[in-house]
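Colleague: sharing a model that was predicted from the sequence below.
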Amino acid sequence: MKLMFRPLLFHFLLLCATQTFGVNIQSVPELNSEGVIQTELEKTVSLVCQPDGGHEAQDDEELVWLRNGAVVSLTEGNKKGRSSVCVSPVIYEDDGATFSCHLGKNATVTASVTLNVTYHPQLSGLEEVAVEEEAELVLWCDVWANPPVSSVSWTLNGSAVDLVVSGFLLTNDGFTSKLIANSVEKILHEGTYQCTAKSPLYGEHSKQFSVTVTGKTMKLPLMPMIAGIVVVCVTTLFAIVSRWNKITKCCK
Ligand SMILES: *[C@@H]1O[C@H](CO)[C@@H](O)[C@H](O)[C@H]1NC(C)=O
Ligand SMILES: *[C@@H]1O[C@H](CO)[C@@H](O)[C@H](O)[C@H]1NC(C)=O
Ligand SMILES: *[C@@H]1O[C@H](CO)[C@@H](O)[C@H](O)[C@H]1NC(C)=O
């Protein structure tokens, strides 16, 4: 039975191999139907490439891995018949990265996967900001995330910042949300600010700023001042010296 079955299986595999000859990639976590692997920062993704069919003739088939078109260097024992690469830890730059595997002798026999690295905006903590009266105030929050945040809001002392009343300009280029005041006024601008970004996947993340407005420092012209001080000192010195002469004279 076994002997009869073997050649049949062999022929079946050969048929498959000739019809769908190629390479395939398996991964942990699994890739979806679009060839995308969902992962997150700091996680590990492992990929294994094998020629389709996997019968003995393909065991010494050499495989090549590329990351965004650049060859991944592999150890000697990790090239023939089956080759694995590991992305650990996953970093920002891995988002959208494409890993492809092809036969060493025929680069058109290829398979590829793309990573989708999701992360929330990097917002946390409290930053102390001191700004002079009438100077420019710029508060900025890093709102970059995957998937993109659905909203960004700013509050001052707990209530929504009134851009008109506070004379603020609000900008958002998808990476940073900036709150800008051209000329700071203590009564309008001092307080605790918070920016909050909402991620469809990770919920809300926020960062606080404690802004204190200081009085304007006087910018005195320095050089004439030093010259003035020197003149005063020298004159005083002369006065003392001449007086000392008089004093010592009369003591004789
Ligand atoms: C490479 O593989 C493709 C697809 O299987 C095939 O059409 C082509 O003839 C092969 N090229 C060589 C040089 O073997
Ligand atoms: C990446 O994953 C997120 C969250 O599931 C999804 O919203 C987004 O469309 C995916 N992007 C790509 C390029 O697949
Ligand atoms: C915000 O609250 C602080 C502390 O209570 C207060 O000193 C400041 O004036 C408030 N800022 C505004 C703009 O109301």
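Modeller: Ah, there it is. Numbers count the residues shown, from 1 in each chain. Ligands and ions are numbered 1, 2, ... in the order given.

Colleague: quick check: domain ranges of this protein?
Modeller: 2-118, 126-214 (automatic domain parsing).

Colleague: residue ranges for the helices of the stretch 1-150 of the chain, please.
Modeller: Using DSSP state H, counting those that start in this stretch, the helices of the stretch 1-150 of the chain run over 2-19.

Colleague: so which residues on it come close to ligand 1?
Modeller: By the rule C-beta under 6 Å from any ligand atom, the part of the stretch 1-150 of the chain lying against ligand 1 is 21, 106, 108-109. (C-beta placed from N, C-alpha, C; glycine too.)

Colleague: what does residue 149 show for phi and psi?
Modeller: Here is the backbone geometry of residue 149 (degrees, to the nearest 10): phi -70, psi 150.

Colleague: kindly state the pLDDT recorded for it?
Modeller: Note on residue 149: pLDDT of 97.

Colleague: residue 61 too?
Modeller: 87.

Colleague: now swap in residue 220 and tell me
Modeller: Residue 220 is assigned 60 on the pLDDT scale.

Colleague: start at 278, not 1
Modeller: Taking 278 as the first residue, the last one we looked at is residue 497.

Colleague: I'd say residue 473 and residue 483 touch.
Modeller: Yes. Under the criterion of C-beta atoms under 8 Å, residue 473 lies in contact with residue 483, with a separation of 4.0 Å.

Colleague: what sits in contact with each of the two?
Modeller: Both residue 473 and residue 483 are contacted by residue 400, under the criterion C-beta atoms under 8 Å, 6 or more residues apart in numbering.

Colleague: what does this structure put close to ligand 3?
Modeller: With C-beta under 6 Å from any ligand atom as the criterion, the chain comes near ligand 3 at residues 433-434, 465, 467-468.

Colleague: in the chain, what secondary structure element scores lowest on mean pLDDT?
Modeller: The least trusted helix or strand in the chain, going by mean pLDDT, DSSP states H and E, turns out to be helix 279-296, with a mean of 43.

Colleague: what about the residue of the stretch 278-427 of the chain at minimum distance from ligand 3, how many neighbours?
Modeller: Per C-beta to the nearest ligand atom, residue 414 is where the stretch 278-427 of the chain lies closest to ligand 3, at 12.1 Å. Using other C-beta atoms under 10 Å, residue 414 has 20 other residues around it.

Colleague: need the contact list for it.
Modeller: Per C-beta under 8 Å, 6+ apart, neighbours of residue 414: 406, 408, 456-458, 461, 466, 488.

Colleague: switch to 6 Å and redo it
Modeller: By C-beta atoms under 6 Å, 6 or more residues apart in numbering, residue 414 lies in contact with 408, 458, 461.

Colleague: and what of residue 389?
Modeller: Residue 389 neighbours (C-beta under 6 Å, 6+ apart): 375, 377.

Colleague: any idea how far it is from ligand 1?
Modeller: For residue 389, the distance to ligand 1 equals 15 Å [C-beta to the nearest ligand atom, to the nearest Å].

Colleague: what pairs with that residue across the strands?
Modeller: Here residue 389 sits in beta bridges with residue 377, going by DSSP bridges.

Colleague: and residue 406, by the same measure?
Modeller: residue 488.

Colleague: tell me the bridge partners for residue 348.
Modeller: Here residue 348, judged by DSSP bridges, has bridge partners residue 343.

Colleague: excluding covalently adjacent residues, which one is nearest to residue 305?
Modeller: In space, and not counting its chain neighbours, residue 305 is closest to residue 323: 5.1 Å by C-beta to C-beta, 6 or more residues apart in numbering.

Colleague: buried subset of the residues of the chain next to ligand 3 as a PyMOL selection?
Modeller: Filtering those down to the buried ones (16 or more other C-beta atoms under 10 Å) takes a single PyMOL command:
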select buried, resi 433+465+467+468
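
Colleague: could you list every residue that touches the residue minimising distance to the centre of the chain?
Modeller: Centroid check for the chain by C-alpha atoms, centre = their mean gives residue 369 as the closest residue, at 6.4 Å. Residue 369 makes no contacts at all, as judged by C-beta under 6 Å, 6+ apart.
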